[in-house]
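[1] quick one, what's the 3D model for this:
(one chain, ligands or ions: 1)
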Amino acid sequence: MEKNVTILGSTGSIGTQALDVCQANGFNVYALAANRSEQLLEEQVRAFQPKRVCIADPAHYQSFCTRVRDLDVEVLTGIDGLCELAGDPNAGIVLNSVMGMIGLRPTLAAIEAGNTLALANKETLVTGGELVMKCAAEKEVRIFPVDSEHSAIFQCLEGYRHCHLNKILLTASGGPFFGMTRKELEEITPERALKHPNWSMGAKITIDSATLMNKGLEVIEAVHLFGVRPQQIEVVVHRESVIHSLVEFDDYSVIGQLGVPDMKIPIQYALTYPERTACPTGRLSLTDYGKLTFFKPDLETFVCLKAALEAISRGGLYPTLVNSANELLVELFLKGKVSFLQIGDLVSEVLGERCDGPVTLENILAAEKQAREFVLRKI
Ligand code: MN
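    Numbering: from 1, shown residues only. Now for the predicted structure:
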């Protein structure tokens, strides 16, 4: 397949797997961007020979330029560099897999330029969902979800566009602390929280999976991507992560998408759509699993999920508020500055803040600041 791909966040977990997918499918890697992982980015530039590259952290710009000075590649930096790559008319499909809400502006830049998006940066939709979906509709830009659950829902809905969707069953692994009580969660260290049972992912999302914040963010993401009300989404804990999500239609027929828990499948489908090609991953054997299990989520223990559901039912800037508080708290938890339970407690408490107004880029950034200040005041 002749296809240009631009990867923002190429040194992260999604980015490196996306490069494997590009290699397996013979895609042309047009541009790459990373925050500050100089050495890995340099290796990627040497291996894939993109035309343009961005090292987003300006403190790493000079030394990165020196590393690649023998190569014919243009080096950019900063958030402006990310937006420049996202909006490049030759970018091809823009895979946005940067971490955190810094990903919002590049998403908007890609849409503005009419570039197709493969979206792995969930904060883009969590914070700017209304704005992003409106711009995408205006510019007729397609957004292909990379998140495994949303890719599953997208795949379940294909061929049923004329049918009315009753509800979405969003599956959750339950994370490493499934079944534990609040008391048992008191002593959780970053090391323990970083061990996920099924998925291999970056540190931020692994912690979010342990608190179930990740599932809350995914509910918000799904509301925007699929145009449903929050009440139409049911979170189902499914420990094996084999069913990646399901949809229910008016006749109560339920359609699901299954596969081994490997991000390469949804990453590849976002890049090869509407085609399917052999994926560099394992095949699913249901008889190896024997049985699949399902549970209701424990909202009283995993209060992050409850807070995220409350935020999306209020709408507006409240999802930004909980997301931004969570981003900072996860960072502080990984540094040993707050406890595991404090993440959920403060993500819940931030909803006591008033944060009204329309969802504009300016207000989103103001809500982020408000949430961060709230957290810093409380710890
Ligand atoms: Mn997911």
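[2] burial check on the residue of the stretch 201-350 of the chain found nearest the ion, number of neighbours?
    Residue of the stretch 201-350 of the chain nearest the ion, by CB to the ion: residue 218 (5.5 Å). Where you see a C-beta, it was placed from the backbone N, CA and C, and this is true even at glycine. Residue 218 has 30 neighbouring residues, counting by other CB atoms under 10 Å.
[3] so it touches residue 122, yeah?
    Yes: Residue 218 lies in contact with residue 122 (CB atoms under 8 Å); the separation is 6.7 Å.
[4] shared neighbours, the two?
    Counting by CB atoms under 8 Å, 6 or more residues apart in numbering, the shared contacts of residue 218 and residue 122 are residue 147.
[5] quick check, pLDDT for residue 163.
    Listed pLDDT for residue 163 reads 88.
[6] ok, now residue 202?
    81.
[7] sec struct for residue 32, please.
    strand (DSSP: H, G, I helix; E, B strand; the rest coil).
[8] again with residue 348
    helix.
[9] which residues sit in contact with it?
    303-304, 306-307.
[10] any weak-confidence spans in the stretch 251-379 of the chain?
    Along the stretch 251-379 of the chain, no part satisfies pLDDT under 70.
[11] can you show me the strands along it?
    With strands called from DSSP state E, counting those that start in this stretch, the stretch 251-379 of the chain shows them at 254-258.
[12] would you state the helices of it in chain order?
    For the stretch 251-379 of the chain, the helices defined by DSSP state H, counting those that start in this stretch cover 264-272, 286-289, 303-314, 318-334, 340-349, 361-378.
[13] can you put those in TSV and add distance to the ion?
    Below are the helices of the stretch 251-379 of the chain laid out as TSV (distance: least, CB to the ion, whole Å):
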stretch	distance to the ion
helix 264-272	9
helix 286-289	19
helix 303-314	13
helix 318-334	15
helix 340-349	18
helix 361-378	22
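[14] which residues does residue 308 contact?
    Residue 308 neighbours (CB under 8 Å, 6+ apart): 213, 215-217, 219-220, 319, 322, 347.
[15] closest one to residue 232 out of the residues you listed, please.
    Relative to residue 232, the closest of those is residue 219; by CB to CB it sits at 10.1 Å.
[16] how deep is that closest one tucked in, by neighbour count?
    25.
[17] that one against residue 309, yeah?
    Yes: Residue 219 lies in contact with residue 309 (CB under 8 Å); the separation is 6.4 Å.
[18] give me the common contacts of the two.
    Common neighbours of residue 219 and residue 309 (CB under 8 Å, 6+ apart) are residue 230.
[19] measure residue 137 to residue 105 for me?
    Look at residue 137 and residue 105: by CB to CB, to the nearest Å, they are 19 Å apart.
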